[in-house]
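A.B. asks: Next come a sequence and a model predicted from it.
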Amino acid sequence: MGGSYAGLIAARVLSDYAEDVVVIEPDVIGDDGLGRRTPQRHQLHALLSMGHTQLERWFPGITDELVKGGARLGEDEDVQFYLDGRLKAPVAGARMLGATRPFLESHLRRRVAAIEHVRFCQAQATGLVLRDDRVVAVTQAGPDNEDGETLEADFVVDAMGRNSPLEDWLAHSGWDQAPVDSMRVDLGYATAMFHRGDELGSTVIAHSSPGPASNYQPTLTEPGALAAVEGERWSVVLAGYADHRPGPDREEFLRRMRRCVAPLRTVADVSEMIGDIRTYRFVESRRRVHSRLKRFPGGLVVVGDALASVNPVYGQGLTLAALEANALGAYLRSHPDPQNPAWDYFRLAETVVDGAWQLSTAADLAQPHVTGPYPRGYRVQKWVADKLTEASVLDSAVNAQYMGVVNMELPPKALTQPRFLARAARVLLSR
């Protein structure tokens, strides 16, 4: 249920285990690979290195295919990260793909549609049929069948996004809703496209964020990023919190770019903006924790934003979806009985979500308008995190491990290893 990014990867995973895979997607998919129901489709999307690895795992050769179609692959010094305007120490082996989400999804959709036993159905999933404590069918309604029909199913994946109605369906049938953790962040961001020439040389990705040296006031917290994408374009995103969210005004957008780091300033000065500025508001991070339930229907799992949706400024969304699909693959390899609840899947997926949640919420809590909840020992954790962030600007080895965690290649506990902490301390003391 749901045919955007998370649903496409889940369908690819299911194709290894199912005789027949049906992707139910209500939207009319346009040439750009996405329909009207994905309002954030025009925003810059980051594919972190772990997400890129998982994508290549499930779609071998997809990187070459995307690059051939116009995407840019940034490696080593082509990928730049800035902290408070300072270029961070280079990381050998850094690798990120520059492409828009519609372009990426259109390629995945073609790959999935080419699988013989996968088919797409333009319809709206309208409910579940449950029998003997398990899902046995999905009800749906399409443009040619408004009265709806029932599609029998042995296994159902909810990939309907952040506003999935699944919990309401289950509650209506007498099931408890999954507990929800949330944190209000009140983020706004805006993306604009620019013509791309050789103004930044080989740069593919440049990302700027405020660091521990700032006072984290909303008027100063202005993350920004750009990526070289298909069509000889720059995709530029600016973000801000609370009353400092960016708007659609072109001149103000350019002024904010000129307050950012050198790559964004250069593009603002010499490149022509293409089309309108697209804005989007993200009110709160949210995750549903199914493992806290005592009962759950068999034959049903949840992926993507329907499971967890975290602050997009950290670029974790696409990678989380890929890692959750990977968890689904691991679960299915264990030959589970679909009549039973998929507790093992939820435990695997929630481990991945927990790592992303820790990183994003810890950073969000530094904003003065974010009111918690604060974890135990937050002040000490923040002090240590600020020091590690500072050391990552100065030292390539520290930055390599730091970015390994940011890119979801390593768990957050990698930042607490004694050897790593000792090196960071030496770097700071030797300044």
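C.D. replies: Structure's in. What do you need? Numbering: from 1, shown residues only.
A.B. asks: Please count neighbours and contacts with C-alpha atoms only from this point.
C.D. replies: Will do.
A.B. asks: where exactly do the helices run in this protein?
C.D. replies: With DSSP state H as the criterion, the chain has helices at 5-14, 49-58, 62-68, 101-113, 166-172, 250-258, 262-270, 317-333, 343-364, 378-394, 396-406, 418-429.
A.B. asks: Just name the shakiest helix or strand of the protein by mean pLDDT.
C.D. replies: Sorting the helices and strands of the chain by mean pLDDT, DSSP states H and E puts strand 145-152 at the bottom, at a mean of 81.
A.B. asks: give me the low-pLDDT residue ranges for the stretch 201-350 of the chain?
C.D. replies: 211-221 (pLDDT under 70).
A.B. asks: Go again with 50.
C.D. replies: Along the stretch 201-350 of the chain, segments meeting pLDDT under 50 span 213-219.
A.B. asks: in the chain, which residue is closest to the centre?
C.D. replies: Closest to where the C-alpha atoms of the chain average out (C-alpha atoms, centre = their mean) is residue 317, at 1.0 Å.
A.B. asks: Check the gap between that residue and residue 227 for me.
C.D. replies: Distance, residue 317 to residue 227, by C-alpha to C-alpha, to the nearest Å: 17 Å.
A.B. asks: one step back: who's in contact with the residue nearest to the centre of the chain?
C.D. replies: The contact partners of residue 317, taken as C-alpha atoms under 8 Å, 6 or more residues apart in numbering, are 304-305, 309-310.
A.B. asks: so which of those is the most crowded?
C.D. replies: Highest neighbour count within the contacts of residue 317, by other C-alpha atoms under 10 Å: residue 304, with 29 neighbours.
A.B. asks: so what's it closest to, chain neighbours aside?
C.D. replies: Using C-alpha to C-alpha, 6 or more residues apart in numbering and skipping the chain neighbours, the partner closest in space to residue 304 is residue 321 (4.7 Å).
A.B. asks: ditto for residue 382
C.D. replies: Nearest to residue 382 is residue 362, by C-alpha to C-alpha, 6+ apart, at 7.6 Å.
A.B. asks: neighbours around that neighbour, how many?
C.D. replies: The tally of other residues near residue 362 (other C-alpha under 10 Å) stands at 18.
A.B. asks: Please apply the same query to residue 173.
C.D. replies: Neighbourhood size, residue 173 [other C-alpha under 10 Å]: 12.
A.B. asks: Repeat that for the one 4 residues further on.
C.D. replies: For residue 177, the number of neighbouring residues by other C-alpha under 10 Å comes to 18.
A.B. asks: Looks like it contacts residue 167 (just checking).
C.D. replies: Yes. Using C-alpha atoms under 8 Å, residue 177 is in contact with residue 167, at 5.6 Å.
A.B. asks: distance between the ends of stretch 107-125?
C.D. replies: Criterion C-alpha to C-alpha; first-to-last residue distance in stretch 107-125 is 24 Å.
A.B. asks: Next up, the contacts around residue 233.
C.D. replies: 193-196.
A.B. asks: Kindly apply the preceding question to residue 122 instead.
C.D. replies: Counted by C-alpha under 8 Å, 6+ apart, residue 122 has contacts 24-28, 142-143.
A.B. asks: Now with 7 Å, please.
C.D. replies: Counting by C-alpha atoms under 7 Å, 6 or more residues apart in numbering, residue 122 touches 24-27, 142.
A.B. asks: distance of it from residue 27?
C.D. replies: For residue 122, the distance to residue 27 (C-alpha to C-alpha) stands at 7 Å.
A.B. asks: Please apply the same query to residue 110.
C.D. replies: Counting by C-alpha to C-alpha - residue 110 and residue 27 are separated by 16 Å.
A.B. asks: Compare the two and say which is more crowded by neighbours.
C.D. replies: More crowded of residue 110 and residue 27, by other C-alpha under 10 Å: residue 27, with 19 against 12.
A.B. asks: what's the burial count for residue 293?
C.D. replies: 13.
A.B. asks: nope, residue 393 is what I was after
C.D. replies: Residue 393 has 20 nearby residues by other C-alpha under 10 Å.
A.B. asks: Count the residues that sit near the closest residue to it other than its chain neighbours.
C.D. replies: Spatially, and ignoring its direct neighbours in sequence, residue 393 is nearest to residue 88 (4.1 Å; C-alpha to C-alpha, 6+ apart). Applying other C-alpha under 10 Å, we find 21 residues neighbouring residue 88.
A.B. asks: And residue 374, by the same measure?
C.D. replies: Neighbour count of residue 374, defined by other C-alpha under 10 Å: 12.
A.B. asks: I'd like to know how far it sits from residue 178.
C.D. replies: From residue 374 across to residue 178, the span is 22 Å (C-alpha to C-alpha).
A.B. asks: can you check residue 264 too?
C.D. replies: 42 Å.
A.B. asks: More neighbours: which of these two?
C.D. replies: residue 264 (25 against 20).
A.B. asks: From residue 257, how far out is that one?
C.D. replies: Note on residue 264: its distance to residue 257, by C-alpha to C-alpha, is 6 Å.
A.B. asks: List the buried residues in stretch 244-253.
C.D. replies: 244-247, 253 (16 or more other C-alpha atoms under 10 Å).
A.B. asks: what's the span of that stretch, first residue to last?
C.D. replies: 12 Å.
A.B. asks: contacting residues around it?
C.D. replies: Applying C-alpha under 7 Å, 6+ apart, the external contacts of stretch 244-253 come out as 187-190, 218-219, 238-240, 277-279.
A.B. asks: Any of those residues buried? List them.
C.D. replies: 187-190, 218, 238-240, 277-279.
A.B. asks: wait, which of the residues you listed is closest to residue 331?
C.D. replies: Proximity of the buried ones among the contacts of stretch 244-253 to residue 331 (C-alpha to C-alpha) peaks at residue 187, which lies at 34.5 Å.
A.B. asks: so the closest one touches residue 285, yeah?
C.D. replies: No. Taking C-alpha atoms under 7 Å as the definition, residue 187 is not a contact partner of residue 285, at 10.0 Å.
A.B. asks: can you pull the contacts of residue 149?
C.D. replies: Contacts of residue 149 by C-alpha under 7 Å, 6+ apart are 139-141.
A.B. asks: try 10 Å
C.D. replies: Shown in contact with residue 149 (C-alpha atoms under 10 Å, 6 or more residues apart in numbering): 123, 125-126, 138-142.
A.B. asks: Show me these that map onto strands.
C.D. replies: Among the contacts of residue 149, the members found in strands (DSSP state E) are 125-126, 138-142.
A.B. asks: quick one on the thing from earlier: quick one: the residue nearest to residue 393 and residue 391 touch, right?
C.D. replies: Yes. At 9.3 Å, residue 88 and residue 391 qualify as touching, with contact defined as C-alpha atoms under 10 Å.
A.B. asks: Spit out the residues that contact those two alike.
C.D. replies: residue 399.
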